[in-house]
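>>> Show me the folded form of this:
(2 chains, ligands or ions: 1)
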Amino acid sequence: MNDLRAALQRYFGFSAFRPGQEAVISGLLSGKNVLAVLPTGQGKSLTYQLPTLMTGQLTIVVSPLLALMNDQVQHLQEMGVKRAVALNSMLERQEQLAILNHLDRWQFIFVAPETLSRPDVLTAFAHFPIGLFVVDEAHCISEWGPDFRPAFLQLGTIIQRLQPRRILALTATAAPRVQDDIKQRLGLSPATTLAIVHSVNRPNIWLDICPINDEQEKLTVLRRLLRIIPGSVIVYFNRKKRAREVAAALAADDIAVGLYHGDLDPLSRRSLQNQFLHGRIRVICATVAFGMGIDKNDVRAVIHFAPPSSLAGYLQAIGRAGRDNLPAAAISLVGPGDIPQMLADAERGFPSAGLIQTFFADPSQFQHDESAEIVLLRRYQHFASAATVQTLLQNTQATRQAAAQQMARFFTAPATVCRRQLIVNAFDPHPMTVRHDAHCCAVTQPPQLFGQLSKFPWPALSPSSAALTPSVLSVAVRLKKLFPALPQS
Amino acid sequence: MPTFLVQLFQKRHVRPITMYHILRGKRTFSNLYAAFINDLLPYWGLLPHLERAAYEKEIQSLIRRNQLVADPDGYLTVTDTTEIDQSPMWWPRHVAGLVMPPYRESGDLLTLAVQLLSQLSQHDPHFAPVTPHILIQQRVKQWYRQVAQSHLAAVTAELADLLDQLPPIQALVVVNRFMGRNLDVASWDDLAKQCHLDPFIVQLMWVDGIAQLYTLCQQPQNQYWRPLFPPPTAAVTASAQTTMQLLPGRTIHQVAAKRRLAESTIREHILEAAMLGDQVLTETPEWGLAPVGCDHVQDFFRDRLSAIAARRMKEDIIDE
Ligand SMILES: [Zn+2]
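Model prediction:
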């Protein structure tokens, strides 16, 4: 496999692969389809980037999130790969045409599933040879809750139409049942498909659950935690409003904090990510959107201020800690109202049978309705009949509630139950037995937690890069920094 | 945003939904007419991404707090008791949405051009363009090759000179939203803190600054930056211009038949030209309108035409 290593060195400047990468890439290069389950932080995108650069054929990457797509394109362009583009609703019709009429100009096209199922887009792609068809976050086919996008269900048909040479389904967390779903719905037959599954376990991340009495105490505990934990921290919320409040409170403590949510404009998002990456912002208060597509190795802790809606979501989030394989912590602050609220959220937002019928009979009467139920139905509008949608939604709702209940059990199980074992059992096809001790996981009251973290083997802080200049500068200084080599008038 | 909205409604007579469409730049005749009659044309398309729900929430909250009052016809007015800063601390004075390319597009063009200049002048070919828009990327690349590449020093000098003509605070906002090699944008929040202003106002300042730079670039001495932007757009649509070219010597009825359009459309074209064209228009017998009092639709057209004329004469007097 010296050729692969040489290519890795040449295109990315790395001398060694991360676990699983090499197997996925050689599988693809030998002509197989691959289902790859690699834990977050193991460089999933490299597994399609390298073969694409080596073969020079067109790669289509289906991606569920706009922000994620743009981050991937940005990342490639920073590497010097200019022939990468995101085809999505952010582009004008004219721009989309410019891409579709000249597919030969591109090496990587990132596309949202909704865009890809459009007839004009499909027709353009059908006339062009596709080397590799990548389904990123492939678990979305099976478990997508209320954000579930029915366009994912169309991918099987789309693959049949486009006949790509190879297919790569990527995910960080997929329970065996979900893996079966992915294979079946993408039409990946056992004979042509290689499944490469790595344990979801991240041994360097210590797991802690900390029961909290009320929201006020949560903030107090968080403040204390941020004094103990050295280095970068991501705090996850399930409500934008709460994230904003806590970020404001932390800023008042003079903590370098940033607020990240899905509605940020691209420039602000990029700025925030860069500032976090280079250590100018130490703490990010984020809704679930943050972390996709940024590769920061030295996040020392991920703190959940509110419980995520599924164990898979929890894993995705904590996977952003300790990518340098040095000790890191995943801490969940769980208040008395949190679990009931999470379970209630899982029930909410699903339209009744009556509403589904009314909507499908005449969608135009809901033109200005922005309620969660109608927004959801609008996504289904072009994909199925009212009856099919009702069945689909019932299934999705049931899956989502089951996921929430699994998450609830994770938080409420007796203190003696090993949380890592619960995760491994839920996601690994052949679960190992975890050696549980104080360095593995714990359920702690706040004082114990502070004690544990004070003697935690934190690695030395990496010197933060001072390459980026902070914040607001005067016009003259900024122009000088933009164009240092040129004489200024 | 609330203060800005109250100031927009002040001394005006507009339905909230119309104001929304004006701010988003949704071009229909009735939106244009409302904008013209209420002196709102400069703010046309000022907030193209304003969300309906967010806007309505602000309006409802202003009504609850009695800062705006809805009259029986659904128009909003500012209450007498509302304490309004008569001269707001800062107000957009250079925007002219109807005759400029969209601000976001001009802003993206400028930001990407500066990024490209900064990175390439420091020999850094590997960078991700700030905007994902292909057409903007293409336009900037073309501009770079045709204009900037061989005159780097002069191009940056012209940029510095252009920024120098902006009010200092706006130059600060615009220049801090540029990025380049090893230089990131400043966040709206940081800028707001620095300027002691609301982040919303800072964003408006940026929009107004972009509009100002766009206008400055149209002057002949600014030869390097002008080709970066699309030329100004005509306020009167091509279709209305065609109507106006056909109209002399023909009745409205004849023009409608010739163009296979409804007579009401032709009347709207005339009103559009009357509002946005070069000249003040008044009714001529050639148009073949029914005598006053015979047809209320045609009378309504007459009323609007004279309202427009009256409004434009007033403007002319103010201008002098
Ligand atoms: Zn354990």
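
>>> dump the residue contacts of the closest residue to the ion within the stretch 151-300 of chain B.
The nearest approach of the stretch 151-300 of chain B to the ion comes at B:Ser187, 39.9 Å away (C-beta to the ion). For the C-beta atoms, the positions are set from N, CA and C on the backbone; glycine is no exception. Neighbouring residues of B:Ser187 by C-beta atoms under 8 Å, 6 or more residues apart in numbering or on different chains: A:268, A:271-272, A:471.

>>> 10 Å instead, please
With contacts defined as C-beta atoms under 10 Å, 6 or more residues apart in numbering or on different chains, B:Ser187 is in contact with A:258-259, A:264, A:267-268, A:271-272, A:275, A:281, A:471-472, B:176-177, B:193, B:199, B:202.

>>> Now the buried members of those.
By neighbour count, with 16 or more other C-beta atoms under 10 Å in any protein chain shown, the contacts of B:Ser187 hold A:258-259, A:264, A:267-268, A:271-272, A:275, A:281, A:471-472, B:176-177, B:199, B:202 as buried.

>>> Tell me which stretches of the stretch 1-150 of chain A form helices.
Taking DSSP state H, counting those that start in this stretch, the helices of the stretch 1-150 of chain A run over residues A:2-12, A:21-29, A:46-55, A:66-78, A:93-100, A:113-116, A:119-126.

>>> Return the residues of the stretch 151-300 of chain B in contact with chain A.
Neighbours of chain A within the stretch 151-300 of chain B, by C-beta under 10 Å from any C-beta of the partner chain: B:152-161, B:163-164, B:166, B:168, B:171-195, B:203.

>>> buried subset of those?
Burial by neighbour count, judged by 16+ other C-beta under 10 Å, picks out B:152, B:155-160, B:163, B:166, B:171-188, B:190-192, B:194-195, B:203 from those.

>>> picking up where we left off before, now for the helices of the stretch 1-150 of chain A, which one comes closest to the ion?
Per C-beta to the ion, nearest to the ion of these: helix A:21-29, 27.7 Å.

>>> starting at the chain centroid, how far to the closest one?
On the basis of C-alpha atoms, centre = their mean, to the nearest Å, helix A:21-29 sits 22 Å off its chain's mean C-alpha point.

>>> Next, the contact list for residue 108, please.
All of this is about chain A. A:45, A:48-49, A:52-53, A:58-61, A:72-73, A:76-77, A:81, A:83-86, A:132, A:134.

>>> let's do chain B instead
A:266-267, B:102, B:129-133, B:135-137, B:139-140, B:210.

>>> try 8 Å
Residues in contact with B:Asp108 (C-beta under 8 Å, 6+ apart) are B:130-131, B:133, B:136.

>>> And for A:Ala384?
Applying C-beta under 8 Å, 6+ apart to A:Ala384 gives the contacts A:150, A:392.

>>> Roughly how far does it sit from the ion?
For A:Ala384, the distance to the ion (C-beta to the ion, to the nearest Å) stands at 43 Å.

>>> so where does that residue fall, helix or strand?
Using DSSP states H and E, A:Ala384 is not contained in any helix or strand.

>>> next one: the one 3 residues further on
A:Ala387 belongs to helix A:386-412 when assigned by DSSP H and E.

>>> Give the buried residues for that helix.
Across helix A:386-412, burial judged by 16+ other C-beta under 10 Å covers A:389-390, A:392-393, A:396-397, A:399-400, A:403-404, A:406-408, A:410-411.

>>> Then stretch A:350-367?
Neighbour counts using 16+ other C-beta under 10 Å place A:350-351, A:356, A:358-360, A:366 of stretch A:350-367 among the buried residues.

>>> end-to-end on it?
End-to-end distance for stretch A:350-367, by C-alpha to C-alpha, to the nearest Å: 18 Å.

>>> ok, B:Leu213 to B:His94 distance?
9 Å (C-beta to C-beta, to the nearest Å).

>>> Who has more neighbours out of those two?
Taking other C-beta atoms under 10 Å in any protein chain shown, B:Leu213 and B:His94 do not tie; B:Leu213 has more neighbours (24 against 19).

>>> got any ranges where the stretch 51-200 of chain B has weak pLDDT?
Low-confidence segments of the stretch 51-200 of chain B (pLDDT under 70): B:80-88.

>>> Where do the strands of it begin and end?
Secondary structure of the stretch 51-200 of chain B (DSSP state E, counting those that start in this stretch): strands at B:68-70, B:76-78.

>>> got the ones you listed as CSV, with mean neighbour count and distance to chain A columns?
Listed next are the strands of the stretch 51-200 of chain B as CSV, based on neighbours: other C-beta atoms under 10 Å in any protein chain shown; distance: least, C-beta to the nearest C-beta, whole Å:
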stretch, mean neighbour count, distance to chain A
strand B:68-70, 17, 18
strand B:76-78, 19, 19
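
>>> any chance of those strands in a markdown table, plus distance to the ion?
As requested, those are exported to a markdown table (distance: least, C-beta to the ion, whole Å):
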| stretch | distance to the ion |
| --- | --- |
| strand B:68-70 | 58 |
| strand B:76-78 | 61 |
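
>>> could you redo those strands as CSV and give each row distance to A:Ala98?
As requested, these are arranged in CSV below (distance: least, C-beta to C-beta, whole Å):
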stretch, distance to A:Ala98
strand B:68-70, 44
strand B:76-78, 42
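
>>> Get me the contact residues on the stretch 1-150 of chain B for the ion.
For the stretch 1-150 of chain B, no residue is in contact with the ion (C-beta under 5 Å from the ion).

>>> Which of the buried residues of stretch A:350-367 fall within helices?
Residues of the buried residues of stretch A:350-367 located in helices (DSSP state H): A:356, A:358-360.

>>> which one of the contacts of B:Asp108 is nearest the ion?
Nearest to the ion among the contacts of B:Asp108: B:Val130, at 44.8 Å, using C-beta to the ion.

>>> Do I have it right that the closest one meets A:Ser268?
No: when contacts are counted by C-beta atoms under 8 Å, B:Val130 is not listed as touching A:Ser268 (11.2 Å).

>>> can you pull the contacts of the one residue in the stretch 1-150 of chain B that gets nearest to the ion?
Closest residue of the stretch 1-150 of chain B to the ion, C-beta to the ion: B:Ala128 (40.8 Å). Shown in contact with B:Ala128 (C-beta under 8 Å, 6+ apart): A:73-78.

>>> Could you export the residues you listed as a markdown table, including neighbour count and pLDDT?
Shown next, in a markdown table, are the contacts of B:Ala128 (neighbours: other C-beta atoms under 10 Å in any protein chain shown; pLDDT from 0 to 100):
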| residue | neighbour count | pLDDT |
| --- | --- | --- |
| A:Val73 | 22 | 86 |
| A:Gln74 | 22 | 81 |
| A:His75 | 17 | 81 |
| A:Leu76 | 22 | 86 |
| A:Gln77 | 18 | 84 |
| A:Glu78 | 12 | 79 |
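
>>> Run through those and flag the ones next to chain B.
Near chain B, judged by C-beta under 8 Å from any C-beta of the partner chain, the entries from these are A:73-78.

>>> Alpha carbons of stretch A:22-38, as PDB, please.
Output of stretch A:22-38 as PDB, limited to C-alpha atoms (Å, rounded to 0.1, in the frame of the first residue of the first chain):
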ATOM      1  CA  GLU A  22      -6.900   3.000   4.500                       C
ATOM      2  CA  ALA A  23      -9.300   0.100   4.400                       C
ATOM      3  CA  VAL A  24     -12.100   2.300   3.000                       C
ATOM      4  CA  ILE A  25      -9.900   3.800   0.300                       C
ATOM      5  CA  SER A  26      -8.300   0.600  -0.900                       C
ATOM      6  CA  GLY A  27     -11.800  -1.000  -0.900                       C
ATOM      7  CA  LEU A  28     -13.000   1.800  -3.200                       C
ATOM      8  CA  LEU A  29     -10.000   1.700  -5.400                       C
ATOM      9  CA  SER A  30     -10.400  -2.100  -5.900                       C
ATOM     10  CA  GLY A  31     -13.900  -1.300  -7.200                       C
ATOM     11  CA  LYS A  32     -16.100  -2.200  -4.300                       C
ATOM     12  CA  ASN A  33     -18.900  -0.100  -2.800                       C
ATOM     13  CA  VAL A  34     -18.200   0.700   0.900                       C
ATOM     14  CA  LEU A  35     -20.300   1.300   3.900                       C
ATOM     15  CA  ALA A  36     -18.000   3.000   6.400                       C
ATOM     16  CA  VAL A  37     -18.900   3.500  10.000                       C
ATOM     17  CA  LEU A  38     -16.000   5.600  11.400                       C
END
